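Q: sequence-free structure coming up:
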């Protein structure tokens, strides 16, 4: 239970320090989507589809407009921050007593195998190998 509180606090701090803050000069649809993603990014239900539905965003070239303001298309924004947050937890995972499955769930992946595949593709190492390298 204590480790859960610590991980949730780490994720809260990560959000404050690392997620893009919307600017008032941005179009309303960009502001809405950034706020939605920042609020829900570590939820298993957070996806580009959920973002589009929740924010009433049309399909046509929205991703390229989003990228123009944020620097990444929505799907890569989600993956980037989930993996970076996972790395933060991995660095502290010995003291937190959590598994890779726990970490995957905390950062928004329902299946640890999906998390491991995405992490490995992005970082070039499995989560455990990355953790060992960073010790």
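A: Ah, there it is. As the structure is a computational prediction, the values presented were derived from the model and not from experiment.
Q: As a quick check, tell me the outermost residue of the chain.
A: Taking CA atoms, centre = their mean, the residue of the chain most remote from its mean C-alpha position is residue 25, at 24.7 Å.
Q: Using the three-state scheme, assign that residue.
A: For residue 25, the secondary-structure state derived from DSSP: H, G, I helix; E, B strand; the rest coil is coil.
Q: ok, the residue nearest the centre of the chain to residue 115 distance?
A: By CA atoms, centre = their mean, the chain has its centre lying nearest to residue 82, at 2.6 Å. For residue 82, the distance to residue 115 equals 8 Å [CB to CB, to the nearest Å]. In this view, the C-beta of every residue, glycine as well, is placed from N, C-alpha and C.
Q: what do you get for residue 74?
A: Using CB to CB, residue 74 is found at 19 Å from residue 115.
Q: Identify the contacts common to residue 82 and residue 115.
A: Contact criterion CB atoms under 8 Å, 6 or more residues apart in numbering; residues bridging residue 82 and residue 115 by contacting each: 107, 109.
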